[in-house]
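1. Fold the following, please.
(one chain, ligands or ions: 1)
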Amino acid sequence: MATNGDFIRRDRRGHPPAYTPQYKTSVLRSPRCALLSLEQSVGERSGPVFGHGRIDPLDNDLILNYARGGEPIGERIVVHGRVLDETGRPVPSALIEIWQANAGGRYRHARDAYLAPLDPNFGGCGRCVAGEDGGYFFRTVKPGPYPWRNHGSDWRPAHIHLSVFGHAFAQRLVTQLYFEGDPLIPLDPIVGTLPDASAVDRLTAKLDMGAMVPFDSLAYRFDVVLRGRRQTFFENRPEGT
Ligand SMILES: [Fe+2]
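-> Residues are numbered from 1 along each chain as shown. Reported below is the predicted structural model:
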């Protein structure tokens, strides 16, 4: 039975179905049997918790954290936002890890054979811990689109991969952010697995001129929403009312 400390059961209607043949690798990855719901135990409601002490000061600066005597080529951008739960509360100390292709669309990964060159000054990985207000911030270059083998050659829109740890395993989220105005977004078979336009919109970072750095970087805003806990009640009144 659910208690006030439990996380709200995931509403899967906003998520893509596991089996989506237009995204070819989902055919073999997707489960063949119906999902089972398990009661939440302390293992899902607590930990792991990451401290600021594990984070290096340059970890959220992809322009400098792999630099080898120069800076990476590409469109310099800031990506920032807040990590919130689905009740709108900030999730302080959430760990946000990102990985991305370079400006030419090439990952620094042994299995990426795309003909675009590696950038000697760009690693493509970063991480940071959200502040008390759930805020986070990365400095990077905008990733390029790249082709991939799906049904023939499809093209991925520019995107950044994110992994987020909140306050419990039940809040774990792995997703991708896209960039407002990219004409490849509606053509992408992976974006096409999302159930509706509002889900695509929630994965699209918005140009944020208020946060741009003059004569340096454009900025994009992307808020991350994790599962929330059930409302805490006090004397039969919802908290805060
Ligand atoms: Fe990717």
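2. Against residue 209, how distant is residue 101?
-> 25 Å (CB to CB, to the nearest Å). Glycine gets a C-beta too; all of them are placed from N, C-alpha and C.
3. and if you look at residue 179?
-> From residue 179 to residue 209 the distance is 14 Å (CB to CB).
4. Look at the two and report which has more neighbours.
-> residue 179 (22 against 7; other CB atoms under 10 Å).
5. Please tell me how far the closest residue to residue 66 other than its chain neighbours sits from residue 205.
-> Using CB to CB, 6 or more residues apart in numbering and skipping the chain neighbours, the partner closest in space to residue 66 is residue 123 (3.1 Å). Applying CB to CB, the value for residue 123 to residue 205 is 21 Å.
6. Between these two, point out the one with more neighbours.
-> The neighbour count for residue 123 versus residue 205, taken as other CB under 10 Å, is higher for residue 205 (22 against 17).
7. for the more buried one, helix, strand, or coil?
-> State at residue 205, reduced to three classes by DSSP: H, G, I helix; E, B strand; the rest coil: strand.
8. Which parts of this structure are helices?
-> For the chain, the helices defined by DSSP state H cover 26-29, 42-45, 197-202.
9. weakest of those helices in terms of mean pLDDT?
-> Lowest mean pLDDT of these: helix 42-45, a mean of 81.
10. Give me the contacts around that helix.
-> 5, 6, 7, 168, 169, 170 (CB atoms under 8 Å, 6 or more residues apart in numbering).
11. Residue 110: which of the residues you listed is nearest?
-> Checking these against residue 110 with CB to CB, the nearest one is residue 169 at 29.0 Å.
12. So what's the model's average confidence on the longest strand along the chain?
-> Longest strand in the chain, counting residues (DSSP state E): strand 76-85. For strand 76-85, mean pLDDT rounds to 97.
13. same check, this time on stretch 128-142
-> Stretch 128-142 shows a mean pLDDT of 97.
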